[in-house]
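In: turn this into a structure:
(one chain, ligands or ions: 1)
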Amino acid sequence: MSPIRENISVRPYTPQDRNALRKISYDTSFLEKADDLFDEPEIVADALTLYFTDSEPESCFVAVNDEKVVGYLIGAKNEKEMDKVAWFKIYPRLLWALLVRGLFLKRKTFRFLQGVLVSHFKGEFNAPDFSHEYPAILHINIARDFRGCGVGQKLIQSYCEYLQKNGVAAVRAATMTETAKSFFEKCGFVVLFKTQRSYLRYYFRNDTFVYVLGKKIHTQ
Ligand SMILES: CC(C)(COP(=O)(O)OP(=O)(O)OC[C@H]1O[C@@H](n2cnc3c(N)ncnc32)[C@H](O)[C@@H]1OP(=O)(O)O)[C@@H](O)C(=O)NCCC(=O)NCCS
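Out: As a prediction, this is how the structure comes out:
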């Protein structure tokens, strides 16, 4: 066991963890190329984490090494409920921020949103609705130096125990990488759906893949 691993523990999220969690979220997003793809880190971090940290913090966990946050899992027990908050509170706030900061006119943001719109109209974001069979969702990210030492697995275990206590029957995750897909499979997830999207082709030169994976939770 590495010395780093011995010092890492997983605990429920607290508001003091918010900034560190947002930084890891931004740094690890979009295959770790967020700086090349966006003009505004705070808005990207809002889009990725705001619902979870501010509206459902009880479903979030962090991994800490000597009090420093080195990884997190943010979740929602019911994606449909999350969507309601997102549409009425989060998305209007993001849209407003984009408008007042003139970000629609900035090159990187414009290019990204253009790609998303084209992909949307091509139907590339369509996916089967898994929300009844797999109502909960999660996002997990570990800081680069702390990967491969069991932190991710510990976070998944804590979240699954939490879901079990709350009577939630199944959870879903999505990833853009083969490596994270393998990680989820090691944690007991199975691939439910795989798709291919072109919205980042202008940057990566290739389509990106998305895997949706699910795991059943044994509730009494
Ligand atoms: C994917 C990620 C969450 C995994 O967390 P981690 O702490 O590195 O993984 P763990 O050390 O807990 O590994 C748990 C198991 O998964 C396996 N695993 C982890 N990363 C793997 C990889 N890249 N390829 C294959 N298997 C992997 C481990 O071998 C381990 O299995 P074992 O117990 O049999 O040894 C982390 O690497 C990460 O944050 N990556 C970047 C962002 C990302 O891809 N997020 C995923 C969701 S969008």
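In: element containing the closest residue in space to Ser55 that isn't next to it in sequence, please.
Out: Nearest residue to Ser55, sequence neighbours excluded (Cβ to Cβ, 6 or more residues apart in numbering): Val85, at 5.2 Å. Backbone N, C-alpha and C define where each C-beta goes, glycine included. Val85 belongs to helix 79-85 when assigned by DSSP states H and E.
In: related to what we said a few turns ago, how much space between the residue nearest to Ser55 and Tyr159?
Out: As judged by Cβ to Cβ, to the nearest Å, Val85 and Tyr159 stand 19 Å apart.
In: and those two? Which one has more around it.
Out: Taking other Cβ atoms under 10 Å, Val85 and Tyr159 do not tie; Tyr159 has more neighbours (23 against 16).
In: what lies in contact with stretch 92-100?
Out: Residues from elsewhere that reach stretch 92-100 (Cβ atoms under 8 Å, 6 or more residues apart in numbering): 40, 43, 46-47, 50, 103-104, 109.
In: buried set for the one helix or strand Ser182 maps to?
Out: Counting by DSSP H and E, the element that carries Ser182 is helix 178-186. Judged by neighbour count (16 or more other Cβ atoms under 10 Å), helix 178-186 contains these buried residues: 180-181, 183-184.
In: so which residues on the protein come close to the ligand?
Out: When proximity is defined as Cβ under 6 Å from any ligand atom, the chain approaches the ligand at 28, 140-142, 147-153, 175, 177, 179-180, 182-183, 186.
In: again, only using 8 Å
Out: Contacts of the chain with the ligand, taken as Cβ under 8 Å from any ligand atom, map to 28, 32, 71, 139-144, 146-156, 173-180, 182-184, 186-187.
In: now which of those would you call buried?
Out: Among these, those buried by neighbour count (16+ other Cβ under 10 Å) are 28, 71, 139-143, 146-147, 149, 151-152, 154-156, 173-175, 180, 183-184, 187.
In: in helices only, show me these.
Out: Members of those lying in helices (criterion: DSSP state H): 28, 151-152, 154-156, 180, 183-184.
In: residues in contact with the residue nearest the centre of the chain?
Out: Centroid-nearest residue in the chain, with Cα atoms, centre = their mean: His139, separated by 3.2 Å. Contact analysis of His139 by Cβ under 8 Å, 6+ apart lists 25, 48, 52, 73-75, 173.
In: report the contact partners of the residue in the chain that the ligand sits nearest to.
Out: Relative to the ligand, the nearest point of the chain is Gly152 (2.3 Å; Cβ to the nearest ligand atom). Gly152 is in contact with 71, 140, 142, 183, 187, counting by Cβ under 8 Å, 6+ apart.
In: give the contact list for the first one.
Out: Pointing back at Gly71 there. Contact partners of Gly71, counting by Cβ under 8 Å, 6+ apart, are 24, 62-63, 140-143, 146, 151-152, 155.
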